[in-house]
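Visitor: Have a look; sequence and predicted model below, questions after that.
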Amino acid sequence: MTGQPPADQHRGLTVTHRRYVPASHAHYGGNLVDGAYVLGLFGDVATEAAIRMNGDEGLFASYSDVQFREPVLAGDVIEATATVVRTGRRSRELAFEARVVCRADPARGASAARVLDQPLVAVTATGTVVVP
């Protein structure tokens, strides 16, 4: 394929988004947010990664692993990251990590929050995006 860079040139590409989790997304006791919320964030960072690699949004094909490690709560600030770990002719394998970087602190007041000294790794996953 003359003139085409090798597909593996994108290995290591990382995309990160941050998002505040509003109270409207808490579905369970204790302001717990369902896991699908973070999977939606992973879809967003996967889409940007596909655009950066191929100039196309691509299609999220599958997850091969998802681990819910810490709770995500209303009032959290979440950082979702996708890193390209493998590239094929049309497929891109991505490693995902969602970290809680800020958390509400209602003991100090209704709108109080704090930046965490060490982010909490809330969700990890591995997924595949397919591009045209």
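Guide: Cool, the structure landed.
Visitor: What strands line up against the helix or strand hosting Thr128, and which way round?
Guide: For Thr128, the element it lies in under DSSP states H and E is strand 113-130. Strand pairing for strand 113-130, determined by DSSP bridges: strand 59-68 (antiparallel), strand 91-104 (antiparallel).
Visitor: can I get those in a markdown table with mean neighbour count and mean pLDDT?
Guide: In this view, the C-beta of every residue, glycine as well, is placed from N, C-alpha and C. A markdown table is the format used below for those (neighbours: other Cβ atoms under 10 Å; pLDDT from 0 to 100):
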| stretch | mean neighbour count | mean pLDDT |
| --- | --- | --- |
| strand 59-68 | 13 | 95 |
| strand 91-104 | 20 | 96 |
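Visitor: closest to Asp117 out of the ones you listed?
Guide: When these are compared by Cβ to Cβ, strand 91-104 sits nearest Asp117, at 10.4 Å.
Visitor: Give me the three-state assignment for Gly75.
Guide: Under DSSP: H, G, I helix; E, B strand; the rest coil, the three-state class of Gly75 is coil.
Visitor: show me the contacts for Gly58.
Guide: 46-47, 50-51, 92, 129-132 (Cβ atoms under 8 Å, 6 or more residues apart in numbering).
Visitor: Repeat that for Phe68.
Guide: Contacts of Phe68 by Cβ under 8 Å, 6+ apart are 35, 122-123.
Visitor: Please check these and keep the buried ones.
Guide: Those of the contacts of Phe68 that meet the buried threshold are 122-123, by 16 or more other Cβ atoms under 10 Å.
Visitor: Which of the contacts of Phe68 scores worst on pLDDT?
Guide: Across the set of these, Gly35 stands lowest in pLDDT, at 92.
Visitor: I figured that one hits Thr124, correct?
Guide: No: using Cβ atoms under 8 Å, Gly35 makes no contact with Thr124, being 11.8 Å away.
Visitor: Could you pull out the residues contacting both of the two?
Guide: Val66.
Visitor: what ranges of the protein fall below the confidence cut-off?
Guide: Along the chain, segments meeting pLDDT under 70 span 1-7.
Visitor: show me the contacts for the residue nearest to Ser64 when sequence neighbours are not counted.
Guide: Once flanking residues are discounted, Ser64 sits nearest to Thr126: 4.9 Å by Cβ to Cβ, 6 or more residues apart in numbering. Contact partners of Thr126, counting by Cβ under 8 Å, 6+ apart, are 63-65, 85, 93-96.
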